[in-house]
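Peer 1: Below is the sequence, then the predicted model.
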Amino acid sequence: MNYQATHLAATPSRETVDRFKGAVLLEFGTPWCGHCASAQPLIKGALRAHGDVVHLKIEDGPGRPLGRSYGVKLWPTLVFLKDGAEVARLVRPQGQAAIGEALVQIEAQSSSSGTPGNSTSV
């Protein structure tokens, strides 16, 4: 399982994200967001069955360019990518099943190992 419990110390640029290969879940939120905290068991549970999906937890807010580039307005926002392209999006997910369905979409379309960028460190 590739569940990321904490926000990344350094947020990747949009250009870096656009070059990711494989299935990637971007989770936008903040450490103090109640909706984000409530969604964690749902996200973690859904990811258990999708070990090839890379989960990146991105801290969002004013002045955070990655979230702005994806038009994030509410937290948590889950953006599901396949080879750097958005395939699905969930805002404030209410159930594990919806997350799982979106994960199936990006895994089904993915042909690589799921490692973002293969040589990109995030």
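Peer 2: Looks like it came in fine. Numbering: from 1, shown residues only.

Peer 1: If we go by neighbour counts, what in the worst-scoring helix or strand of the chain on mean pLDDT is buried?
Peer 2: When the helices and strands of the chain are scored by mean pLDDT, DSSP states H and E, helix 96-109 comes last with a mean of 94. Residues of helix 96-109 classed as buried: 96, 99-100, 102-104, 106-107 (neighbour count, 16 or more other CB atoms under 10 Å). C-beta coordinates here come from the backbone N, C-alpha and C atoms, glycine included.

Peer 1: mind listing the strands for the protein?
Peer 2: Along the chain, counting by DSSP state E, strands occupy 23-29, 54-59, 77-82, 85-91.

Peer 1: Serialize these to JSON lines and add fields for mean neighbour count, distance to Ser69 and mean pLDDT.
Peer 2: Output for these, formatted as JSON lines (neighbours: other CB atoms under 10 Å; distance: least, CB to CB, whole Å; pLDDT from 0 to 100):
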{"stretch": "strand 23-29", "mean neighbour count": "26", "distance to Ser69": "11", "mean pLDDT": "98"}
{"stretch": "strand 54-59", "mean neighbour count": "22", "distance to Ser69": "11", "mean pLDDT": "98"}
{"stretch": "strand 77-82", "mean neighbour count": "24", "distance to Ser69": "10", "mean pLDDT": "99"}
{"stretch": "strand 85-91", "mean neighbour count": "16", "distance to Ser69": "11", "mean pLDDT": "98"}
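
Peer 1: Ala5 is nearest to which of those strands?
Peer 2: strand 54-59 (7.5 Å; CB to CB).

Peer 1: Quick one: work out the angle between that closest one and strand 77-82.
Peer 2: Put simply, strand 54-59 runs at 150 degrees to strand 77-82, going by axes from the mean of the first three to the mean of the last three CA atoms, to 10 degrees.

Peer 1: List the neighbouring strands of strand 54-59 plus their orientation.
Peer 2: Counting by DSSP bridges, the strands paired with strand 54-59 are strand 23-29 (parallel).
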